[in-house]
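Novice: model the structure of this input:
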Amino acid sequence: MIDGLYESHLAVLYVAAFILVAVAAEFGSWIGRRPVGVGRAGVDVGTIAGAALGLLALLLAFSFSLALSRYEARRSVVLEEANAIGSTANFALMLPEAARGHVLGLLRDYVAVRIGLGVPFDPAKLERDVARSVELQERLWQQAVAATAANPQSLPIYRFVGSLNEVNNIHERRLTALRYRVPGGVMWLLLGVAMVAMGFTGYQSGLAGVRRPGATLIMSAMVAVVMLFVVDLDRPARGLIQVPVQALVDAQQSMPR
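Specialist: Residues are numbered from 1 along each chain as shown. Just a heads-up that it's a prediction; the model follows:
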């Protein structure tokens, strides 16, 4: 339930966030217009509204920074994986001829799986891609073990084994980067603070006897857009912002035949 917003469509998330924030502002304005007395309370509410908006701005900045850092980490690990696969393919050219072609074929299959890892969004597909990646890694290691047993003192084979080990390590780092994101509880807290802040802002306007529905709608739309942007940054396999895999495509195209 808490992380359910990451599984929802972006349009649904935006409309829901916009409506909740705008309704909170209008509700606060309605309460402020009720005849309960105006005066010193307006100044006090203005201070509270300013504090609430400041807290909202801080949380938005923190959440955006966290989501952006995770996006950059995912993009960086894709580049690392492309470089590691390319290096492994180059070292494979120094293997004995009997193993060379088979190893390169396995690497081509592996990079093809990694290009489409979990894309389009489907948890079942991601699990299949992971299982296929592990299977290909095991077959590559079988080739590495056989080549090492046949010539344990070979420096090219030693370098190939080291590069293949790096490919395996990056596999785990990329999976971790894909699976972990800003906790859903943080996003719900952000929505709650946005509703409270806009509610106090509307309440202050109501106390002053001023209605600015246009400004309220614009502010609500801006808050909803920023929240949506944070969520979209943290969903690497779906939405408008996706992690580019062009580096892996380039590695696939440049792989020796």
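
Novice: which helix or strand contains residue 223?
Specialist: Assessed by DSSP states H and E, residue 223 sits inside helix 213-233.

Novice: please state the offset of that helix from the chain centre?
Specialist: 19 Å (C-alpha atoms, centre = their mean, to the nearest Å).

Novice: show me what the helix or strand following that helix is packed against.
Specialist: Toward the C-terminal end, the helix or strand that comes next after helix 213-233 (DSSP H and E) is helix 246-253. Packing contacts for helix 246-253, counted by 3 or more C-beta pairs under 8 Å, 6 or more residues apart in numbering; DSSP states H and E, involve helix 40-92, helix 97-115. C-beta: built from backbone N, CA, C; applies to glycine.

Novice: any idea of the mean pLDDT in helix 246-253?
Specialist: For helix 246-253, the mean pLDDT works out to 93.

Novice: same check on stretch 92-104?
Specialist: Averaged over stretch 92-104, pLDDT sits at 90.

Novice: what number of residues lie near residue 98?
Specialist: A count of neighbours around residue 98, defined by other C-beta atoms under 10 Å, yields 11.

Novice: pLDDT weak spots in this protein?
Specialist: The model of the chain has pLDDT under 70 over residues 1-7, 35-43.

Novice: cutoff 50 now
Specialist: Residue ranges of the chain with pLDDT under 50: 1-2, 37-42.

Novice: any idea how far stretch 22-33 is from the chain center?
Specialist: With C-alpha atoms, centre = their mean as the basis, the distance from the averaged C-alpha position of stretch 22-33 to the chain average is 34 Å.

Novice: use 591 as the first number from now on
Specialist: All right, first residue 591 from here; so that's stretch 612-623.

Novice: please spell out which residues along it are buried.
Specialist: Taking 16 or more other C-beta atoms under 10 Å as the basis for neighbour counts, the residues of stretch 612-623 that come out buried are 612, 614-619, 622-623.

Novice: what's in contact with it?
Specialist: Residues lying outside stretch 612-623 but in contact with it, judged by C-beta atoms under 8 Å, 6 or more residues apart in numbering, are 635, 784-786, 788-799, 801, 803, 806-807, 809-810.

Novice: grab the CA positions of it and hand them over as CSV.
Specialist: What follows is stretch 612-623, C-alpha atoms only, in CSV (Å, rounded to 0.1, in the frame of the first residue of the first chain):
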residue,chain,number,x,y,z
ALA,A,612,-6.0,22.0,-4.2
VAL,A,613,-8.8,20.7,-2.0
ALA,A,614,-6.7,21.2,1.1
ALA,A,615,-6.0,24.8,0.1
GLU,A,616,-9.7,25.5,-0.6
PHE,A,617,-10.8,23.8,2.6
GLY,A,618,-8.4,26.0,4.6
SER,A,619,-9.8,29.1,2.8
TRP,A,620,-13.3,28.0,3.6
ILE,A,621,-12.5,27.6,7.3
GLY,A,622,-10.7,31.0,7.3
ARG,A,623,-13.8,32.7,5.9
